[in-house]
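1. what's the 3D shape of this:
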Amino acid sequence: MVDARTRCRVELALLAFFTPLYIAFGPRGMLIHMALAGLLLGYILADARYTRAFVWVAPGGSVRERWRGSLVTLIPLTLTTLVAFVALGVTQGAQLDPIAITSRLLVYMAWALVQQTLFQFYLLGRLLRAAPGLPPAVLIALSGLSYGLVHLPDLQLTVLTCIAGVIWTADYYRHRLLLTVAASHALLGTAYYAFIGIY
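-> This is a model prediction of the structure:
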């Protein structure tokens, strides 16, 4: 059986080869992105037991402490950014439609969970396992920036998601909770497309 470090390195090498090709030459469109993400998610879920057993080290602290720590970090950052998005959008004429925004938020939460599973649970875990000699901060930054770069060629969105990706990845590394990160992502993604991305 191949050891976990070698397996992680092979998987990362394949990702490093195929991802730029997909970004540069792959078909565009949300449905295509979602279909590809669904295929990757299927593989990750099928392999989740292996990932928990051989890739990630068990998180420190109780579940309650980890929830509290994650919420203390993410709530102020999320709310501050959310208010800024809404204020900017409203000053530029965006309409506040609570029903549409709520329905988008529910859909976005599911999509955010998929993305957090791909980039935090899967990618960060494999980076940490494949390169144990590198400082975790470097690998957190690499995983977070990778999340942002898949939003190319939209430069504004790429910059914002690179910043958010690093913050969310650092929070996941520290607290190991997908739900809090996904909730932050869903709120900000919904607000961005409702108030900023339309311009």
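2. show me what contacts residue 180?
-> 67, 70, 71, 74, 171 (CB atoms under 8 Å, 6 or more residues apart in numbering). The C-beta positions use only the backbone N, C-alpha and C, and glycine is treated the same way.
3. buried subset of these as a ChimeraX selection?
-> Burial among the contacts of residue 180 is assessed by 16 or more other CB atoms under 10 Å; the matching ChimeraX selection reads:
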select :70,71,74,171
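4. all helices of this protein, in order?
-> Using DSSP state H, the helices of the chain run over 4-25, 30-46, 48-50, 63-91, 98-116, 125-130, 136-149, 155-175, 178-191.
5. how about CSV for these, with distance to residue 57 and mean pLDDT added?
-> Compiled in CSV, the helices of the chain are given as follows (distance: least, CB to CB, whole Å; pLDDT from 0 to 100):
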stretch, distance to residue 57, mean pLDDT
helix 4-25, 11, 87
helix 30-46, 18, 84
helix 48-50, 14, 88
helix 63-91, 14, 94
helix 98-116, 19, 91
helix 125-130, 8, 94
helix 136-149, 11, 94
helix 155-175, 11, 95
helix 178-191, 17, 96
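6. so which of these is nearest residue 56?
-> Nearest of the helices of the chain to residue 56, taken as CB to CB: helix 125-130 at 5.0 Å.
7. which helices and strands does the closest one pack with?
-> helix 4-25, helix 136-149 (3 or more CB pairs under 8 Å, 6 or more residues apart in numbering; DSSP states H and E).
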